[in-house]
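Chemist: here you go, sequence then predicted model.
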Amino acid sequence: MMADYTVRDQVAVIELDNPPVNALGSAVRAGIYDGIRKADRDPNIKAVVICGKRGTFCAGADIREFDGGKNGPWITDIGDFIDNMKKPVVAAIEGFALGGGLEVALFCHYRIALKTVRVGQPEVQIGLLPGGGGTIRLPRATGLKNALDIITTGNHVPAEKAAKMGIIDQIVTGDIIEEGIKFVKSKCNIDTSLVCLRMKTVKYSGDLDDISEAAMTKVKSKFKGAIAPIVCVKSVINSAKMPYEKGIDTEKEHFQDLRHSSQSKAMRYAFFAERAITRWQLPSGGNYKTAKPLPVKTSGVIGAGTMGGGIALCLITSGIPCILVEQNQQFLDKGLEIVKAQLMRTVQLGKLSTEQAKKCFTMLKPTTNIEDLKNVDLVIEAVYEDLKLKREIFEKLDRICKSETILCTNTSSLHIDSIATATKRQSKVVGTHFFAPSYIMKLLENIYGTKTSAETVATVMKLGKTIKKVPVLVGSCTGFVANRMLKPYSEEAQYCLEEGSTPSIVDTVLMDFGMPIGNFQVSDLSGLDIGFRIKREAARKAGVELSKNSRFFLGQRNCGLIEKLYEAGRMGKKNGKGWYKYESLNGKPIVDPEVTMLIEEHCRSLGIERRNIGSQEILERMQYAMINEGFKILEEGLCTMAEEIDVIWIYGFSWPKYMGGPMYYASQIGLKKIYEKVCYYHKTFPYSMHWVPSSLLAKLSQIDLPLSEWGDVAQGRKLVNKL
Ligand SMILES: CC/C=C\C/C=C/C(=O)SCCNC(=O)CCNC(=O)[C@H](O)C(C)(C)COP(=O)(O)OP(=O)(O)OC[C@H]1O[C@@H](n2cnc3c(N)ncnc32)[C@H](O)[C@@H]1OP(=O)(O)O
């Protein structure tokens with residue numbers, strides 16, 4: 001049994017015991033069920049305490065069991081039994097009570113908790129609804145409005161707030177079991193039916209249909225394309241519409257439908273992928289187990305532009321003091337304004353109080369003197385993408401900073417070694433690639449160079465977590481993983497324009513797939529001048545001319561549309577015209593006939609025949625080209641597992657979690673089909689290197705291996721020819 005049963009002072013104590021988070025697997029459910037029945041039968045027992053071992057109550061159902069068909073009592077059987085008990089039952093909560101964990105607590109007559117506790121119904125984040133009575137009982141505890149909010153967002157609620165909401169009866173300090181026993185003994189004479197949530201009515205104000213409609217509208221716009229939030233709303237509304245039993249039965253049906261849905265399977269995959277990528281390893285052998293992170297108590301950021309300012313903000317809002325360096329006072333002042341404005345916005349969003357924001361700001365020390373960085377533990381350089389400039393800065397930092405200081409570069413494309421070699425501490429140089437807007441986007445691509453030490457990697461991986469990012473470790477190559485994969489994706493989008501499509505058609509196809517924003521809208525947001533400069537820099541490096549009228553560039557297919565738009569003064573959203581036109585800085589993209597004409601003229605001048613391109617082809621070409629690149633990245637060992645690529649796309653480019661990430665998506669389509677299509681497009685477009693099929697993809701397309709083993713095949717840990 002995975003729940004210990006002991007008796008203390010005539011109180012039965014049932015302790016959930018399933019490391020590491022007491023997940024409510026079938027054996028744990030059976031343990032609780034047997035425990036309460038035993039306590040009920042025993043005339044010497046006056047009351048029951050349910051609690052968890054190892055400092056936490058329960059993180060919910062065992063997510064891994066949803067794929068199989070494990071039995072054991074259904075969770076609501078526990079609730080049904082407690083509802084009929086005359087002996088009081090209290091949930092004594094420490095750590096987390098999430099998902100099925102909170103549902104078990106809601107079965108109990110009372111809930112007490114330590115101040116540090118967090119409760120929540122995060123099932124929606126793995127494409128489910130709280131299927132153990134949560135959508136029916138939580139509204140009875142806290143009212144419809146709060147329940148809708150908690151269940152549709154999946155957000156954790158801190159204990160004191162949960163107490164105010166009526167979810168927790170008492171906040172306690174000290175030993176949670178002792179407190180539980182003391183509390184429940186004081187309730188031995190009450191009529192338990194009076195405190196049983198099943199018996200309560202659901203509180204709400206206004207018209208139920210209006211509440212339902214408003215909640216539906218909200219979740220449909222906030223979680224576009226996701227099914228679970230919609231079903232969550234339906235089920236919570238049922239709690240007020242239906243008798244308790246009918247609500248519970250309907251909830252169970254909804255739960256089973258969602259559990260078997262492709263969206264939930266993908267989101268469950270993403271949940272474990274996010275955890276798998278924390279088990280990083282370096283080709284040199286260092287890994288997450290053996291390497292110890294260095295403390296980062298003080299930090300510095302060089303460059304107070306939007307990127308650097310955002311990074312500094314991440315640091316100070318996580319309690320790490322930061323010295324922000326700019327080359328002159330004017331730039332520094334401008335940067336500080338950006339930081340202040342972003343802090344204000346955080347306050348407006350209710351994520352920080354004014355007091356907290358003020359305190360954060362005091363942790364920022366602006367300066368124009370780089371020498372001020374001499375004693376910090378870690379510096380992040382965030383100047384613009386210029387190798388010469390970055391090398392100069394690193395050479396300076398190497399001289400100025402104490403020998404222990406870790407030097408990070410926020411480059412989006414340059415090889416780490418090309419910067420690290422400017423120093424005499426290559427083992428302490430590492431890439432930390434933030435994504436714009438750096439304060440908001442969750443992905444942190446950490447890049448190791450040839451000589452980066454495991455200790456340095458461990459430090460930036462830990463720092464990533466501390467500043468609430470999702471850090472993923474990758475090897476160094478041009479563009480690293482994210483931008484390297486983005487390149488063929490956006491190139492194919494532009495080729496589709498040349499061949500007959502339009503920016504709005506391409507973007508609509510992507511958004512219908514589930515991307516929150518289309519390729520050309522993103523390009524307008526970041527600015528067409530960026531894309532133009534990248535191409536110009538590549539041309540400069542290769543010693544060739546950039547020609548907008550050539551269909552070939554560096555021996556590859558070329559689309560000169562960006563150059564043409566740039567020349568026409570179309571910089572993107574910032575000047576109101578790019579691939580679309582905009583009426584204001586916050587305006588929506590509007591199809592611009594001028595762009596359509598420009599594209600058509602471009603095709604005429606180059607003799608490109610335009611045709612009707614179907615949405616399937618657009619999607620396939622953009623996604624398969626990028627997926628093929630993903631396999632090359634695995635093949636080259638720049639990632640050690642396919643999960644890393646998926647997490648990068650989910651958190652760097654907002655790939656819908658309910659589609660799992662591009663590699664997971666490929667696994668669902670089938671590698672054989674992907675490989676055949678890649679070969680077909682390679683034949684059709686022989687001048688696009690990105691269509692050269694990855695040999696790993698070719699190999700894996702011949703066999704049926706789960707995604708979790710693709711990295712092993714790539715790294716030679718699994719020999720496929722011996723299978
Ligand atoms: C039978 C009931 C039927 C229906 C209704 C109920 C449905 C549910 O309850 S669905 C599950 C709802 N709960 C969650 O979604 C919570 C998931 N867990 C978390 O959010 C976090 O793990 C945490 C906040 C509880 C702790 O975070 P942290 O301290 O950062 O640790 P990790 O996330 O790294 O987790 C450690 C370790 O535990 C594994 N794990 C966590 N929760 C579960 C779980 N519910 N089921 C199975 N495994 C779980 C996690 O994967 C980590 O292990 P690995 O590193 O080996 O992957």
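Modeler: Received, thanks.
Chemist: can you give me the pLDDT of M1?
Modeler: At M1 the predicted local distance difference test score is 60.
Chemist: same question for N721.
Modeler: pLDDT at N721 comes out at 64.
Chemist: repeat for R533
Modeler: pLDDT at R533 comes out at 82.
Chemist: need the next SSE after the helix or strand containing it, C-terminal direction.
Modeler: Using DSSP states H and E, R533 maps to helix 528-542. The helix or strand immediately downstream of helix 528-542 is strand 552-553, counting by DSSP H and E.
Chemist: which strands border that next one, and is each parallel or antiparallel?
Modeler: Paired strands of strand 552-553, with direction, are strand 556-557 (antiparallel) (DSSP bridges).
Chemist: any idea of the mean pLDDT for the partner strand?
Modeler: In this model, strand 556-557 has an average pLDDT of 91.
Chemist: in contact with the residue in the stretch 601-723 of the chain positioned nearest to the ligand, which residues?
Modeler: Here the residue of the stretch 601-723 of the chain nearest the ligand is E643; by Cβ to the nearest ligand atom that distance is 10.8 Å. Any C-beta I mention is one placed from the backbone N, CA and C, and that applies to glycine too. By Cβ atoms under 8 Å, 6 or more residues apart in numbering, E643 lies in contact with F272, A273, A276, I277, G661, M663, L707, S708, G711.
Chemist: swap in P295?
Modeler: Going by Cβ under 8 Å, 6+ apart, P295 touches D377.
Chemist: residues of the helix or strand of the chain with the lowest mean pLDDT that come out buried?
Modeler: Considering only helices and strands, the least confidently modelled element of the chain by mean pLDDT, DSSP states H and E is helix 528-542, at a mean of 83. Using 16 or more other Cβ atoms under 10 Å as the test for burial, helix 528-542 gives L528, D529, G531, F532, I534, K535.
Chemist: just the C-alphas of that helix, formatted as CSV.
Modeler: What follows is helix 528-542 as a C-alpha-only set of coordinates in CSV (Å, rounded to 0.1, in the frame of the first residue of the first chain):
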residue,chain,number,x,y,z
LEU,A,528,12.4,43.6,-41.7
ASP,A,529,15.7,45.4,-41.3
ILE,A,530,16.9,42.6,-39.0
GLY,A,531,16.3,39.9,-41.7
PHE,A,532,17.9,42.2,-44.3
ARG,A,533,21.0,42.9,-42.2
ILE,A,534,21.4,39.1,-41.5
LYS,A,535,21.5,38.5,-45.2
ARG,A,536,23.8,41.4,-45.9
GLU,A,537,26.2,40.2,-43.2
ALA,A,538,26.2,36.7,-44.8
ALA,A,539,27.0,38.2,-48.1
ARG,A,540,29.7,40.4,-46.7
LYS,A,541,31.3,37.4,-45.0
ALA,A,542,31.2,35.3,-48.2
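Chemist: what does this structure put close to the ligand?
Modeler: Proximity of the chain to the ligand (Cβ under 6 Å from any ligand atom) is limited to residues 20-21, 23-24, 59-64, 75, 96, 98-100, 122-123, 126, 128, 130-132, 272, 275.
Chemist: can you select the buried ones among those residues for me in PyMOL?
Modeler: Buried members of the residues of the chain next to the ligand, defined by 16+ other Cβ under 10 Å, are picked up in PyMOL with:
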select buried, resi 21+23+24+59+60+61+62+63+75+96+98+99+100+122+123+126+128+130+131+132
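Chemist: narrow the residues of the chain next to the ligand to those in strands?
Modeler: Secondary structure defined by DSSP state E assigns F96, L98 of the residues of the chain next to the ligand to strands.
Chemist: now the helices: where do they sit in the stretch 551-700 of the chain?
Modeler: Secondary structure of the stretch 551-700 of the chain (DSSP state H, counting those that start in this stretch): helices at 561-567, 593-606, 615-635, 642-652, 662-669, 671-684, 695-700.
Chemist: okay, those, which one's buried deepest?
Modeler: A comparison of these by mean neighbour count, using mean count of other Cβ atoms under 10 Å, puts helix 642-652 on top with a mean of 27.
Chemist: what angle do helix 662-669 and it make with each other?
Modeler: Orientation check (axes from the mean of the first three to the mean of the last three Cα atoms, to 10 degrees): helix 642-652 against helix 662-669 gives 120 degrees.
Chemist: what mean pLDDT does helix 642-652 get?
Modeler: 98.
Chemist: can you report phi and psi for V430?
Modeler: Main-chain dihedrals, V430, degrees, to the nearest 10: phi -150, psi 150.
Chemist: quick check: R551 touching R557?
Modeler: Yes - the criterion here is Cβ atoms under 8 Å, and R551 meets it with R557 at 6.7 Å.
Chemist: so for those two, which sits in the more crowded spot?
Modeler: Neighbour tally, R551 and R557, criterion other Cβ atoms under 10 Å: the higher count belongs to R557, 18 against 15.
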